[in-house]
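Chemist: need coordinates for the below:
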Amino acid sequence: SMVFPDDNRVREAARLLRSSRPLFLRVPRPPELSDHDYERSKQERLLLLCRRSISLSLGRGMLTLGTHNVLSAEQLLIPNIVLAGRVPPTNNTLALDMSTCPANFRVWPEFHNGVAAGLRLPHASTDSNQRTITRTWIKFNKPVSIQENTSGNNNNSSQTPSPSYAHGGFLMAL
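Modeler: Purely as a prediction, here's the structure:
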């Protein structure tokens, strides 16, 4: 970066591989198109963009391979895959209608997103004194879902581990 301070190719590649923000959805509206047909054309265009967006985690895993420094008390964040778009000129957010998608539309993309997050971790060290990824750290990074407690205790929520496809991908990347 010292030799070429204006070279932003890696930063631009990382921006292009980001799937955690709504997509920019530009759909032209001909005057003869009804409101219902226009909404349907926006959903069709959004589905096309979301199909492209769910494959970005594969490239992100390759770009960020071994680039994350891990602290033993730091939880690894897995970025979300956002299936929504911003529609100009008001920038309203339009969510993808999942009723037109197959039931397992998000399964493999979530798994690959977890793999990409796990590939960010540094390579395993053979020195046991410098090892930051331990069994305890892996257990600490297990996803937690908050559920309502129906027993009537003062504690309103209980945390129980819930399996997720992203966590399965994360474990495979280790």
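Chemist: and the strands in this protein?
Modeler: In the chain, the strands defined using DSSP state E lie at 23-24, 84-87, 92-95, 144-148, 157-161.
Chemist: restricting to C-alpha, output the third one in PDB.
Modeler: Once side chains and other backbone atoms are set aside, the C-alpha atoms of strand 92-95 remain, and they are given as PDB (Å, rounded to 0.1, in the frame of the first residue of the first chain):
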ATOM      1  CA  ASN A  92     -37.600   2.000   0.500                       C
ATOM      2  CA  THR A  93     -36.600  -1.600   1.400                       C
ATOM      3  CA  LEU A  94     -38.300  -4.300  -0.500                       C
ATOM      4  CA  ALA A  95     -38.000  -7.800   1.000                       C
END
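Chemist: burial measure for L119, as a count.
Modeler: Neighbours of L119 under the rule other CB atoms under 10 Å: 22. Just so you know, the C-beta spots here come from the backbone N, C-alpha and C atoms, and that holds for glycine as well.
Chemist: not counting its neighbours along the chain, what's nearest it?
Modeler: G61 (4.4 Å; CB to CB, 6 or more residues apart in numbering).
Chemist: quick check: the one you found vs A84, distance?
Modeler: 23 Å (CB to CB, to the nearest Å).
Chemist: who's more crowded, the two?
Modeler: Neighbour count, other CB under 10 Å: between G61 and A84, G61 has more, with 21 against 16.
Chemist: right, and that one touches V115 too?
Modeler: Yes - the pair G61 / V115 is scored as a contact, 5.9 Å apart, by CB atoms under 8 Å.
Chemist: anything in contact with each of those two?
Modeler: A173 (CB atoms under 8 Å, 6 or more residues apart in numbering).
Chemist: which residue is the nearest non-sequential neighbour of R45?
Modeler: Nearest one to R45, counting by CB to CB, 6+ apart, is V27 at 5.1 Å.
Chemist: could you do L49 as well?
Modeler: Using CB to CB, 6+ apart, the nearest residue to L49 is L23, at 4.7 Å.
Chemist: please pull out the lowest mean pLDDT helix or strand from the protein.
Modeler: The least trusted helix or strand in the chain, going by mean pLDDT, DSSP states H and E, turns out to be strand 144-148, with a mean of 47.
Chemist: OK, contacts around T134?
Modeler: Contacts of T134 by CB under 8 Å, 6+ apart are S72.
Chemist: quickly note the distance from it to L119.
Modeler: Taken as CB to CB, the span from T134 to L119 is 18 Å.
Chemist: next one: V70
Modeler: Applying CB to CB to V70 and L119 gives a distance of 13 Å.
Chemist: again with S20
Modeler: Taking CB to CB, one finds S20 at 17 Å from L119.
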